[in-house]
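**Student:** got a sequence here, can you build the structure:
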Amino acid sequence: MNFQLGLIAKKIGMTQIFAEDGTRVPVTVLQVTGNVVTAHRTVERDGYAALQVGFAEKKESRATKPELGLFKKAGVTPRCELREFRVAPGQLNEFPVGGELSASLFAEGSLVDVAGISKGKGFQGVIKRHNMEGEKNSHGQHEFFRHGGSIGCRKTPGRVHKGKRMTGHMGDERVTSQNMKVAKIDAESGIVLVRGPVPGGNNGYVTIRQAIKPAIRAGKNTGV
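**Tutor:** Numbering: from 1, shown residues only. Coordinates of the predicted model:
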């Protein structure tokens with residue numbers, strides 16, 4: 001089992017920083033202040049070990065009665081977002097309910113996976129949605145410049161294959177950007193700068209987790 005301890009963050013936007021050698025580095029600014037542990041998931045009760053983390057305060061009037069009971073039991077104010085992060089059973093005692101999680105959970109130069117809801121693009125054609133080439137603009141061709149072309153095989157099999165790339169709804173889905181490098185951390189301000197763009201628009205919520213692929217490779221190398 002690979003455990004991905006992480007945080008919930010608010011995407012502020014993109015900017016740039018400069019490395020010591022003067023190289024310009026594009027980064028995304030992620031605000032992580034306000035992450036608190038709201039509950040534990042234990043192997044004995046739930047079948048797995050995890051931390052339930054809350055982020056971004058909200059008014060009590062906008063919380064349901066079950067939510068208010070959960071937050072009251074944890075001794076924290078109501079939160080807008082709740083996420084679970086799998087941890088080893090022995091790690092639960094390191095993060096007590098009601099305690100805060102900070103940006104120091106990650107280290108500069110480490111790799112993380114950032115997941116969020118991508119920007120919605122509405123209904124799009126095959127050229128924008130699947131990067132198809134389109135038809136040629138020559139030899140009398142007209143009215144079909146941006147069409148997808150044939151979608152079937154006549155009599156056999158007499159249907160459209162599953163997974164055929166066609167027009168449809170684009171974006172507004174969960175996307176994970178893997179192995180992103182943490183460029184800089186400001187623990188006092190609760191800011192994490194991740195190199196490159198992350199899914200979603202400004203002011204959206206994303207999750208930052210320890211990268212899983214390096215952990216899998218390390219496990220294979222060590223025989224874990």
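**Student:** contact partners for Val194?
**Tutor:** 27-28, 30, 112, 114, 180-183, 208 (Cβ atoms under 8 Å, 6 or more residues apart in numbering). All C-beta atoms are positioned from the backbone trio N, CA, C, and that covers glycine.
**Student:** can you pull up the most central residue in the protein?
**Tutor:** What sits nearest the mean C-alpha location of the chain, by Cα atoms, centre = their mean, is Ala115, with 0.7 Å.
**Student:** that one in helix, strand or coil?
**Tutor:** What DSSP: H, G, I helix; E, B strand; the rest coil gives for Ala115 is strand.
**Student:** just list whatever residues bridge to it.
**Tutor:** Thr176, Thr207 (DSSP bridges).
**Student:** wait, it sits on Glu173?
**Tutor:** No - with contact defined as Cβ atoms under 8 Å, Ala115 does not count as touching Glu173 (11.0 Å).
**Student:** before we move on, back to that, quick check, nearest of the contacts of Val194 to Ile151?
**Tutor:** Val114 (35.2 Å; Cβ to Cβ).
**Student:** residues contacting that closest one?
**Tutor:** The contact partners of Val114, taken as Cβ under 8 Å, 6+ apart, are 30, 176-177, 180, 194, 198-199, 206-209.
**Student:** and the residue lying closest to it once chain neighbours are set aside, how far from Tyr205?
**Tutor:** Closest residue in space to Val114, ignoring its immediate chain neighbours: Val198 at 4.5 Å, by Cβ to Cβ, 6 or more residues apart in numbering. According to Cβ to Cβ, to the nearest Å, Val198 and Tyr205 sit 11 Å apart.
**Student:** the more surrounded of these two?
**Tutor:** Taking neighbours as other Cβ atoms under 10 Å, Val198 and Tyr205 compare with Val198 leading, 25 against 16.
**Student:** quick one, phi psi at that one?
**Tutor:** The phi/psi pair for Val198 (degrees, to the nearest 10) reads phi -120, psi 160.
**Student:** tell me how far the ends of stretch 100-115 are from each other?
**Tutor:** Using Cα to Cα, to the nearest Å, the end-to-end distance of stretch 100-115 comes to 21 Å.
**Student:** in this protein, which spans are helices?
**Tutor:** Per DSSP state H, the chain carries helices over the ranges 43-46, 65-74, 126-130, 212-222.
**Student:** and the third one, what does it pack onto?
**Tutor:** Think helix 126-130. strand 168-170 (3 or more Cβ pairs under 8 Å, 6 or more residues apart in numbering; DSSP states H and E).
**Student:** pull up the pairing partners for the strand it packs on, direction included.
**Tutor:** In the sheet, strand 168-170 lines up with strand 122-124 (antiparallel) (DSSP bridges).
**Student:** about what we covered before: list just the nearest of the contacts of Val114 to Arg129.
**Tutor:** Closest to Arg129 out of these is Pro199 (16.7 Å), distances taken as Cβ to Cβ.
**Student:** ok, that closest one to Tyr205 distance?
**Tutor:** In terms of Cβ to Cβ, Pro199 sits 11 Å off from Tyr205.
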